[in-house]
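>>> Fold the following, please.
(chains A and B)
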Amino acid sequence: MIGTIKGLLTTARWLLKRPVTAHYPEQHLPVQQRYMGFPALLMDDTADEPFCTGCMVCVRECPTQCMSAQMHDNPKFADGSSHRRKIINEFEINLNRCILCGICVDVCAFDAIEMSYEHELASYARTGSRADLTLLLDLGRRYMDMSGWSPENPEKNVAEVALAKRAAAAAAKAASAGDAAATDDPTEDGE
Amino acid sequence: MTTEQAYDTVDMMLNMGPQHPATHGVFRMVLTVDGERVVDVTPHIGYLHRGSEKLAENESYGQVVTLFDRLDYVSNLNNELIFCRAAERLMGIEPPERGQYIRVILAELNRLASHLLFIGTYAIDLGAMTPIMYGFRERERIQNMFESVTGARMMHNFIRIGGVKEDVPSDFVPRVRALLDDVERGVQECDRLLTFNEVFLARTRGVGVIDLPTALSCGLTGPSLRASGLAYDVRKDYPYEVYPYLSYKVPVGENGDCWDRYYMRVLECYESLSMIRQCLDQMEEGPVMAQMRRIARPPKGEVYVHGENPRGDIGVFLVSDGTDKPYRVKVRPPSFCNLVSLRPMMRDAYIADAVAILGSLDIVLGEVDR
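Got it, this is the predicted structure:
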């Protein structure tokens, strides 16, 4: 009897307090800053192309093999507006298979993939769980806007910085070589 | 029953599960009953078998951590910790001190979350609706904390071989302290609601008693064993990580009945709270990840490492053939081994207590079936 009364007193204390629950479809709780939603691809705005070069390391390291990628020669590399020889052509993530472990982000050397805040991607389409390059870049754009994302290794990955660095290196090399040795082939890349 | 009978009776077979809300997953018990009494019980498992141990042989060491997340899906970080410790032992590396503190804080928070879930679901097994709301409310707070630290609420993949994935956020310590105060109030509330309630006592006192020799011979571990009167705790007896630097008691029961098994977990909640507070006091700045190659490639050899999970003594037997994938991973899941003692506990109990006894073992089927 005493235990029951004690229990009732405990619950009565919460009777007049506001509920701690949120009614989900109407009310969305904010996600935490480190929240790991579905992976998304990021855009290098200085070159207007994705960071991703299609090196396949994330595809190989994915524990559930949820990704597939294909690279091709970057047309922008030929005209010198990008430092990426290869660029991603097709990228698909099967969101049904993705387990949100974040391993793809850890292994990426180009800051190209990030765990976005997206977690509500249900759709009526039969292929709705297959995120292609366009959708992944859209998600990445949303993530960059929401989180104020900045690359970890700008001098390696951001096109503008990388190109400037490369130009400076080439100029230094040319200066040290002196005008005695005429430059053999100006189009040849230093790396 | 040994009463003199003028007519013949036949024991009845009663099937319970696998689709039964009180079995905490897909667990099937075949009870042989004589009237109201349980004569025998045969557990049937395997409905949630995912082949984690076999899958682990085809994944690199870093990827196996994600499989361990999914073994005991109520205490994910404890599972990650045990596998990472096994791989580290094999490779001969020691995570830095801060990394170990972060691991212990997260593991103990997860123990709290797991025990709170137990308190709630155990009450619901016995027909009390309210405590699960209280238990879940506190567990939700802890999961919010996990989300802000690891990025995920349940499948974290945060504890890595050699340390943890990244350092905790800068406001971690004050936030955890505030969280602990809230959770402590919540545990006290659950305690007040349930522990000495007359109905709860009537349902659990003297029910499912298992004496210490039987418990030991059945391989019972964890709070369920301590309820029978032996202070066996891997954290205390085979210390690992920073547990030797912490002072805490190992709660021990007397009767080995359902109530003791429940109460051990409530007391452990308080111990975990104090352990986390000590960790927060002792933690110093520093690296969180050991210096090692990015791809773990342990040398040839084998190792058995065990630790204390919320459910008992979890062990990992890891064999490496020198490649980046384990040759064999064998898990000793506490829930599975604790199920062995189901039969001695249930013998001669009433059918109505079958759920109370099963619930008091706090099994997680993801771990039982792997």
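>>> Could you list the single helix or strand in chain A with the lowest mean pLDDT?
The weakest-scoring helix or strand in chain A, judged by mean pLDDT, DSSP states H and E, is helix A:154-157 (a mean of 77).
>>> Give the other helices and strands that that one contacts.
In this structure, helix A:154-157 packs against helix A:159-177, with contacts taken as 3 or more CB pairs under 8 Å, 6 or more residues apart in numbering or on different chains; DSSP states H and E. All C-beta atoms are positioned from the backbone trio N, CA, C, and that covers glycine.
>>> where does chain B come near chain A, residue by residue?
Remark: the part of chain B in contact with chain A comprises B:59-60, B:62-63, B:66-67, B:130, B:137, B:140, B:144, B:147-152, B:155, B:157, B:165, B:169, B:189, B:192-194, B:196-201, B:294, using CB under 8 Å from any CB of the partner chain.
>>> now do the same end-to-end measure for stretch A:19-35.
Stretch A:19-35 has an end-to-end distance of 24 Å (criterion: CA to CA, to the nearest Å).
>>> and stretch A:66-75, is it in reach of chain B?
No - between stretch A:66-75 and chain B, judged by CB under 8 Å from any CB, nothing touches; the nearest distance is 12.1 Å.
>>> Could you write out the alpha-carbon coordinates of that stretch in CSV?
Output in CSV follows, covering the C-alpha atoms of stretch A:66-75 (Å, rounded to 0.1, in the frame of the first residue of the first chain):
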residue,chain,number,x,y,z
CYS,A,66,26.4,0.3,-50.8
MET,A,67,28.3,2.5,-53.3
SER,A,68,29.4,2.4,-56.8
ALA,A,69,31.5,5.0,-58.6
GLN,A,70,32.9,5.7,-62.0
MET,A,71,35.5,8.2,-63.0
HIS,A,72,36.4,9.8,-66.3
ASP,A,73,39.0,12.3,-67.6
ASN,A,74,38.3,15.8,-66.4
PRO,A,75,37.7,18.1,-69.4
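>>> what is the mean pLDDT for that stretch?
When pLDDT is averaged over stretch A:66-75, the result is 86.
>>> and A:Met71, helix, strand or coil?
strand (DSSP: H, G, I helix; E, B strand; the rest coil).
>>> Excluding chain neighbours, what is closest to the residue in the stretch 251-370 of chain B that chain A sits nearest to?
Nearest to chain A, among the residues of the stretch 251-370 of chain B, is B:Arg294, at 8.0 Å (CB to the nearest CB). Nearest residue to B:Arg294, sequence neighbours excluded (CB to CB, 6 or more residues apart in numbering or on different chains): A:Val107, at 8.0 Å.
>>> What parts of chain A come near chain B?
Checking chain A against chain B by CB under 8 Å from any CB, the hits are A:1-4, A:6-7, A:10-11, A:20, A:31-36, A:61, A:63, A:99-103, A:106-107, A:115.
>>> Run through chain A and note the low-pLDDT ranges.
A:178-191 (pLDDT under 70).
>>> quick check: longest strand of it.
The residue-count maximum for a strand in chain A (DSSP state E) belongs to strand A:86-94.
>>> Paired strands for it, with orientation please.
With DSSP bridges as the test, strand A:86-94 is paired with strand A:67-73 (antiparallel), strand A:130-131 (antiparallel).
>>> Mean neighbour count for those strands - can I get that in TSV?
TSV is the format used below for the strands paired with strand A:86-94 (neighbours: other CB atoms under 10 Å in any protein chain shown):
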stretch	mean neighbour count
strand A:67-73	16
strand A:130-131	20
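>>> mind listing what B:Pro83 touches?
One correction, residue B:83 is Phe, not Pro. B:64-65, B:68, B:316, B:318, B:329 (CB atoms under 8 Å, 6 or more residues apart in numbering or on different chains).
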